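Undergrad: okay, sequence plus prediction incoming.
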Amino acid sequence: MKVYVKIHKASNDILVAICDEDVLGKEFKEGKLRLFVNNSFYKGKLIDIEELDAFFKAASILNIVGKASIEKAIECECIDKENVMKIGETLHAQMVTV
């Protein structure tokens, strides 16, 4: 499985945006929630999902969209399953270190 990873740097934070390859550019809705997986925010380097560990460790903020990416983040204990949102046909989670 391939995923997109894009790094955004601001002050002392490293925000890593991650999405499954098949959700890029799509919009998802669930009730009043709306999520657009925007190319300018998420489309970075296309990598194999097994390479995500290094990006998880480097991030002070994670923004993740897609079932496979979310499952990998849960497996690596970057996010808790209870904090994952289902929006339409996809999953979304964020992590911030303090």
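TA: Okay, I see it.
Undergrad: just give the nearest non-adjacent residue to residue 56, would you?
TA: residue 78 (4.7 Å; Cβ to Cβ, 6 or more residues apart in numbering). C-betas here are computed from N, CA, C, even on glycine.
Undergrad: surely that neighbour forms part of a helix?
TA: No - Residue 78 is assigned coil when assessed by DSSP: H, G, I helix; E, B strand; the rest coil, not a helix.
Undergrad: from what I see, it and residue 61 are in contact.
TA: No - between residue 78 and residue 61 there is no contact under Cβ atoms under 8 Å: 11.2 Å.
Undergrad: which stretches in the chain count as strands?
TA: Per DSSP state E, the chain carries strands over the ranges 2-10, 13-20, 27-30, 33-36, 45-48, 61-65, 85-87, 90-96.
Undergrad: what separates the last one from the chain centre, distance-wise?
TA: Going back to what we said before, that points to strand 90-96. Chain-centre distance of strand 90-96: 6 Å, with Cα atoms, centre = their mean, to the nearest Å.
Undergrad: one more: stretch 83-98?
TA: Distance of stretch 83-98 from its chain centroid, counting by Cα atoms, centre = their mean, is 8 Å.
Undergrad: check stretch 6-16 too.
TA: Centroid separation for stretch 6-16 versus its chain: 13 Å, with Cα atoms, centre = their mean.
Undergrad: got the CA positions of that stretch in CSV?
TA: The C-alpha coordinates for stretch 6-16 follow below in CSV (Å, rounded to 0.1, in the frame of the first residue of the first chain):
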residue,chain,number,x,y,z
LYS,A,6,4.0,15.9,3.3
ILE,A,7,6.0,17.7,6.0
HIS,A,8,5.0,21.2,7.0
LYS,A,9,7.3,23.2,9.3
ALA,A,10,6.1,26.0,11.5
SER,A,11,8.2,27.5,14.4
ASN,A,12,9.3,24.5,16.5
ASP,A,13,6.6,22.1,15.2
ILE,A,14,6.8,19.5,12.5
LEU,A,15,3.4,18.7,11.1
VAL,A,16,3.2,15.6,9.1
